[in-house]
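Student: No sequence on hand, only this structure:
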């Protein structure tokens, strides 16, 4: 008790709960509080420090999340022993995300595990609530968003973007909002043409539809868009924009290597169209330069925190070429005045915390664990997968059509997504489905769901057999 009291008295900056957490953390680091030492009860310590029990509980919760303390039901709070990173990850998993078994498993889209980000977000909301009153009474300004944009640059530090100025960025309501902002900034005329991959993210087509644009699909091979086909279609249709996902292609999971990106960028430069790169599904570091780095005067970049941290906040960001930054900012300001200021403050807080990036790594590892389980269960069939890829592209064996397979899977309690969702209306759908990683169900339930898919693949109904 005396150790905590003296250290708390010496901490004079920051909120009371932060000062208390700092005092206890310092006592542990310097050996004044040994492993296994029991901390005072919340009410007793609050009385001694003349602060509320809730403030003490909040400090204890922060240190427990960090792994410095551990709580034992009915006994109290103790100093935790030294832990490896894997131990800390397992503790956070047990504390924050204990998924239950379930009979129906949705693999329609990626579902991230809670590895501590929920507690982190709640704490950031508490921090935001303590900000000065003025920030909750005024319209936000460009200057007010600058700290959040700088924080996003840290988030994007493992993307090969080339030179980036925070003023070339706009915060958006998720990646889809970012796509729409770029289209509004680029497209001109009565019926502009947008090029997409022949299998592509449906949000490209929906955003183009709002802009009354015509969508033209470009053929692909194992490296992504075929430059020769792109060149011919861009010239024929006088295309203004190409929408693509080069790092993690949605839905196939393909990766477009550097030499192919350079060839595509050359076509864009020669034919005069812009490139919008959607990088929302990337969970690891970039493996090749982005189009923004290769073609900085014509390439736009969109990403979000949805696939790596949480989709609930609906926070994304769009980066413009330098010459078009003012246009992008104007489109955002005219459209919605910018992100709500409290949300921008929350983004700044979250993306400047070291704990956020530790939790992101834990999320990545956990998603990979589920992905490997799916690969083990579907081994022998034609699948595209990879580390840091939160879904699998499954090409169906002879005898199955995508729509029929989706219906059969749902009948046995598993929901997957058919290839038809990723093609234009007049496109030809391959016999394939996308299987998302759902790390919000227990591994037992997930493996059971994959086993059901495997059974369908092994035993197609007689009426569908060739």
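Tutor: Done, it's in. For clarity, every value in this text was computed on a predicted model and none was experimentally measured.

Student: mind listing what residue 147 touches?
Tutor: Residue 147 sits next to residue 348 when contact means C-beta atoms under 8 Å, 6 or more residues apart in numbering. Just so you know, the C-beta spots here come from the backbone N, C-alpha and C atoms, and that holds for glycine as well.

Student: 10 Å instead, please
Tutor: Applying C-beta atoms under 10 Å, 6 or more residues apart in numbering to residue 147 gives the contacts 166, 344, 345, 347, 348, 349, 351, 352.

Student: isn't there a helix covering the second one?
Tutor: Yes - the secondary structure assignment for residue 344 places it in a helix, going by DSSP: H, G, I helix; E, B strand; the rest coil.

Student: Test my guess that it contacts residue 338.
Tutor: Yes - applying C-beta atoms under 10 Å as the test, residue 344 and residue 338 come out as touching, 7.7 Å apart.

Student: which neighbours do those two share?
Tutor: Counting by C-beta under 10 Å, 6+ apart, the residues touching both residue 344 and residue 338 are 140, 144, 145, 171.

Student: which of these are buried?
Tutor: Among the shared contacts of residue 344 and residue 338, the ones that count as buried by 16 or more other C-beta atoms under 10 Å are 140, 145, 171.

Student: Could you say which helix or strand holds the second one?
Tutor: When elements are assigned from DSSP states H and E, residue 145 belongs to helix 142-155.

Student: which helices and strands does the following helix or strand past that helix pack with?
Tutor: Next helix or strand after helix 142-155 toward the C-terminus (DSSP H and E): strand 169-172. Strand 169-172 is packed against helix 142-155, helix 174-186, strand 299-304, strand 316-319, helix 325-336, helix 341-352, with contacts defined by 3 or more C-beta pairs under 10 Å, 6 or more residues apart in numbering; DSSP states H and E.

Student: Strand partners (parallel or antiparallel) of strand 169-172?
Tutor: As defined by DSSP bridges, the strand partners of strand 169-172 come to strand 316-319 (antiparallel).

Student: pLDDT on the strand it pairs with, on average?
Tutor: Averaging pLDDT along strand 316-319 gives 96.

Student: out of everything not next to it in sequence, what's closest to residue 63?
Tutor: Counting by C-beta to C-beta, 6 or more residues apart in numbering, residue 69 is the residue found nearest to residue 63 once chain neighbours are left out, at 4.4 Å.

Student: OK, contacts around that neighbour?
Tutor: Contacts of residue 69 by C-beta under 10 Å, 6+ apart are 21, 24-25, 28, 33, 37, 39, 59-63, 77-80.

Student: partners of it in the sheet?
Tutor: Note on residue 69: beta-bridge partners residue 79, judged by DSSP bridges.

Student: How much space separates it from residue 394?
Tutor: Relative to residue 394, residue 69 is positioned 44 Å away (C-beta to C-beta, to the nearest Å).

Student: just residue 170 next, same as before
Tutor: 36 Å.

Student: With neighbour numbers in mind, choose between the two.
Tutor: When neighbours are counted by other C-beta atoms under 10 Å, residue 170 comes out ahead of the other of residue 170 and residue 394, with 28 against 25.

Student: need the contact list for the nearest residue to the more buried one once chain neighbours are set aside.
Tutor: The shortest distance from residue 170 to any non-neighbouring residue, by C-beta to C-beta, 6+ apart, is to residue 332 (4.5 Å). Taking C-beta under 10 Å, 6+ apart, we find residue 332 in contact with 145, 170, 171, 172, 177, 178, 181, 184, 185, 318, 338, 339.

Student: Break the protein down into its structural domains.
Tutor: 2-82, 105-117+357-464, 141-339 (automatic domain parsing).

Student: so what's residue 197 bridging to?
Tutor: Here residue 197, judged by DSSP bridges, has bridge partners residue 218.

Student: burial measure for it, as a count.
Tutor: 28.

Student: Might one say that it is in contact with residue 252?
Tutor: Yes - between residue 197 and residue 252 there is a contact at 8.8 Å, judged by C-beta under 10 Å.

Student: overlap in contacts of the two?
Tutor: What both residue 197 and residue 252 touch, as defined by C-beta under 10 Å, 6+ apart, is the set 220, 224, 245, 422.

Student: TSV please, covering these and showing neighbour count, secondary structure and distance to residue 374.
Tutor: Below are the shared contacts of residue 197 and residue 252 laid out as TSV (neighbours: other C-beta atoms under 10 Å; DSSP: H, G, I helix; E, B strand; the rest coil; distance: C-beta to C-beta, whole Å):
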residue	neighbour count	secondary structure	distance to residue 374
220	20	strand	24
224	22	strand	23
245	27	coil	21
422	25	helix	19
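
Student: which of those lies closest to residue 53?
Tutor: Nearest to residue 53 among those, counting by C-beta to C-beta, is residue 245 at 49.9 Å.

Student: Just confirm that closest one contacts residue 282, I think it does.
Tutor: Yes - at 9.1 Å, residue 245 counts as touching residue 282 under the criterion of C-beta under 10 Å.

Student: re the thing from before, which of residue 344 and residue 338 has more neighbours?
Tutor: A count of neighbours by other C-beta under 10 Å puts residue 344 above the other of residue 344 and residue 338, at 23 against 20.

Student: residues contacting the more buried one?
Tutor: 128, 135, 140, 144-149, 151, 171, 315, 338.

Student: Nearest to residue 436 among those residues?
Tutor: After measuring these against residue 436 - C-beta to C-beta - the closest member comes out as residue 315, at 20.8 Å.
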